[in-house]
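A.B. asks: Just need the structure, nothing else, for what follows:
(2 chains)
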Number of protein chains: 2
Amino acid sequence: MKFSVTVTLKENVLDPQGKVVQNTLQSLGMDNLKSIRQGKYFEIELNDNDPQKAEKKVDDMCKKLLANLIIEDYKVNKI
Amino acid sequence: MKFSVTVTLKENVLDPQGKVVQNTLQSLGMDNLKSIRQGKYFEIELNDNDPQKAEKKVDDMCKKLLANLIIEDYKVNKI
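C.D. replies: Predicted coordinates:
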């Protein structure tokens, strides 16, 4: 069973890495760029057969390690 | 117009960062974990109104800066 997880900074948290990417793209001539924010992406494969249990486990992983819930949000999708 | 971009390492490229996350999760007791791979995630907002032109631009950004096509794949989605 495979899941994708995206971890993004919360709306009101500064994203210096994204800002650098944005400035670089603009200096490369991408003038229509409004904003860009960077996050993390994980592809997780589990041996579980029960979709609900598996999703619960992925959720646990996010809370324990993958995301810092103070400044980050996460989204889990089955793929 | 908003797009999400995920950049992942190609199948046969080693992912040491993902491996460390995997080992850490296993040592936290996640025994059903088969594999985990880490990638990058971008949320890009453009001022363009033409969806096709905008998608083309995001594609250009990926090729020029966001992804290293030798070792990475990327996927663009409209959100």
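A.B. asks: Of all the residues in the longest strand seen in chain A, which ones are buried?
C.D. replies: Of all segments of type strand in chain A, defined using DSSP state E, the longest is strand A:33-46. Residues of strand A:33-46 classed as buried under the neighbour-count rule (16 or more other CB atoms under 10 Å in any protein chain shown) are A:33, A:36-46. For glycine as for every other residue, the C-beta is placed from the backbone atoms N, C-alpha and C.
A.B. asks: what about the following helix or strand past it, near chain B?
C.D. replies: The C-terminal neighbour of strand A:33-46 among helices and strands, as given by DSSP states H and E, is helix A:51-61. Yes: shown here: helix A:51-61 in contact with chain B (CB under 8 Å from any CB of the partner chain) through A:54, A:57, A:60-61.
A.B. asks: Compute the inter-axis angle for helix A:51-61 and strand B:33-46.
C.D. replies: Counting by axes from the mean of the first three to the mean of the last three CA atoms, to 10 degrees, helix A:51-61 lies at 70 degrees to strand B:33-46.
A.B. asks: could I get the next helix or strand after helix A:51-61 in CSV with only the CA atoms?
C.D. replies: With elements assigned by DSSP H and E, the helix or strand that comes after helix A:51-61 is strand A:72-78. Provided in CSV are the C-alpha atoms of strand A:72-78 (Å, rounded to 0.1, in the frame of the first residue of the first chain):
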residue,chain,number,x,y,z
GLU,A,72,4.0,22.9,9.2
ASP,A,73,0.9,21.3,7.8
TYR,A,74,0.8,17.9,6.1
LYS,A,75,-1.5,16.1,3.7
VAL,A,76,-1.7,12.3,3.2
ASN,A,77,-2.9,10.8,-0.1
LYS,A,78,-3.3,7.1,-1.2
